[in-house]
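*Asks:* Just a sequence and a predicted model for now, questions to come.
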Amino acid sequence: MTDNKVLDVTADVKWIGVLDKDIVTFDVVMETQYGTTYNSYFINAEKKAVVETTKLRFWETYERKIRQVCNPAEIEYIILDHTEPDHSGNLANLLRLAPEATVVGSGNALRYLKDMFGSDFKSMQVKDGDTLSLGNKTLRFFNAPNLHWPDSIYTYLEEDKVLFTCDSFGAHYCSEAMFDDLVGNYDDAFNYYFDVILKPFSKFMLKAIEKIRPLEISAICTGHGPILRSNWKRFVDMSEKRALEAIENPVKNRVFIAYVSAYHNTGDLAGHIAEGIRESGDLEVEVMDIEKASLGSIDEQLAKSSGILLGSPTINQNILLQIYQVFALINPIRDRGKLAAAFGSYGWSGEGASLIESNFSNLKLKLFDENLFIRFSPDASEEEKARTFGLKFGKAMAENLKCNSNV
Ligand SMILES: Cc1cc2nc3c(=O)[nH]c(=O)nc-3n(C[C@H](O)[C@H](O)[C@H](O)COP(=O)(O)O)c2cc1C
């Protein structure tokens, strides 16, 4: 069915975004079981404006919607609250139809756009508190950096009391109903989005929320998922609570043991290491065979653990692909300083140890002084060694937590 839907947020603010029902992974690693939307908005003022664009491959649908609400050549301003390509992807296309439009964004946003699109365009840099007159309406801009790129700002349409926040307060959730009071409960999608995208930037989230609290708000227009018009306060409160929890009560006592194992030798070690860690004190331990685990479930464990153990056999002088996927998911902004150790089984050359450890160091994790690698199948004494290794790792966790406020 052709998607021609345009929705009224207020009489003069229209949703002209697109639905992406079929997406299953976002930014390569994030699971999107409910699909997503790329929200763009049209402001029908004396000087017409568009806020955010959409992902490039949705141009046809997006163009149809723009043409429904205006003659694109009349668009005078294109505001980008954040320039990630899922929001800026159709800027060049839109500028072809609206060549006189001025692109509005933070200094970083304008620099990123020039690097992305190469060509020159009319632009206006805005700073915290700046206003822009659209004739009969006024836009006010707020710095909201690192949510989740350095370029992010919020835009407030004073007369309509509409706040545009792009990724903040968004969710990967696709519903044609598009409004928070019509889509049903989507808290799990909202919380997952917050945890993966925004939680590493919790202190910036809290600063941004402080800035918007005094505003009178009729709707928050997000960049993904439902528009918040009835329950916006609830979603802002949920974000604030999660950000506060992340800062004040980071999960301190949790160890994630991820491994792959062709003949279960490394798997056997994982079990004995876990026993030792549990003996060492009040620590939660999650042991996961990651051969077929989803990237989302691995990422969730990485996020909530302050100790990380990775186990791999050495195969053809290398470690296995799934272990490299874990490295790709480790986020130094979020995981820096977490205690990490390598373990596994090998037959002769045993490159696994150095490969895992060098990746841990490059990703700014704190290497535990020991690793545990054994030849082929662990015997009883090696199983005992694995328990003792786990016990020592568990004790070192407490020390690491004391001297590293990040974890
Ligand atoms: C295809 C294959 C290639 C291997 N290559 C190496 C190697 O390059 N270096 C080494 O030390 N061991 C190598 N091994 C031995 C394994 O590391 C060893 O069998 C180990 O116990 C497997 O552990 P797992 O049961 O956890 O999979 C290889 C094993 C297989 C099956």
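*Replies:* Nice, I can see it.
*Asks:* In this structure, spot the helix with the most residues.
*Replies:* The single longest helix within the chain, with elements called by DSSP state H, is helix 380-403.
*Asks:* burial measure for the residue in the stretch 101-250 of the chain that the ligand sits nearest to, as a count.
*Replies:* As assessed by Cβ to the nearest ligand atom, the ligand sits closest to residue 196 within the stretch 101-250 of the chain, at 29.9 Å. (Each C-beta comes from the backbone N, C-alpha and C, glycine too.) Residues near residue 196, counting by other Cβ atoms under 10 Å, number 22.
*Asks:* pretty sure it contacts residue 297?
*Replies:* No. Using Cβ atoms under 8 Å, residue 196 is not in contact with residue 297, being 11.9 Å away.
*Asks:* how about residue 333, what does it touch?
*Replies:* Residues in contact with residue 333 (Cβ atoms under 8 Å, 6 or more residues apart in numbering) are 200, 201.
*Asks:* Likewise for residue 36?
*Replies:* 20, 23, 26, 172, 173, 174, 224, 225.
*Asks:* The residues you listed, buried ones only, as a ChimeraX selection?
*Replies:* Selection of buried members from these for ChimeraX, criterion 16 or more other Cβ atoms under 10 Å:
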select :20,23,26,172,173,174,224,225
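*Asks:* Export the contacts of residue 36 as CSV, with columns for pLDDT, secondary structure and distance to the ligand.
*Replies:* CSV is the format used below for the contacts of residue 36 (pLDDT from 0 to 100; DSSP: H, G, I helix; E, B strand; the rest coil; distance: Cβ to the nearest ligand atom, whole Å):
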residue, pLDDT, secondary structure, distance to the ligand
20, 93, strand, 39
23, 75, coil, 34
26, 63, strand, 32
172, 95, coil, 35
173, 96, coil, 39
174, 95, coil, 40
224, 97, coil, 40
225, 97, coil, 41
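*Asks:* Make a markdown table from the contacts of residue 36 and add distance to residue 362 to it.
*Replies:* Converted to a markdown table, the contacts of residue 36 look like this (distance: Cβ to Cβ, whole Å):
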| residue | distance to residue 362 |
| --- | --- |
| 20 | 34 |
| 23 | 30 |
| 26 | 25 |
| 172 | 30 |
| 173 | 35 |
| 174 | 37 |
| 224 | 31 |
| 225 | 34 |
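*Asks:* Closest one to residue 377 out of the contacts of residue 36, please.
*Replies:* For those, the residue nearest residue 377 by Cβ to Cβ is residue 26; the value is 40.9 Å.
*Asks:* can you give me the angle the longest strand along the chain makes with helix 380-403?
*Replies:* In terms of residue count, the longest strand belonging to the chain (DSSP state E) is strand 339-346. Interaxial angle, strand 339-346 versus helix 380-403 (axes from the mean of the first three to the mean of the last three Cα atoms, to 10 degrees): 160 degrees.
*Asks:* picking that back up, which elements pack onto the longest helix of the chain?
*Replies:* strand 254-259, helix 265-279, strand 307-311, strand 339-346, strand 372-375 (3 or more Cβ pairs under 8 Å, 6 or more residues apart in numbering; DSSP states H and E).
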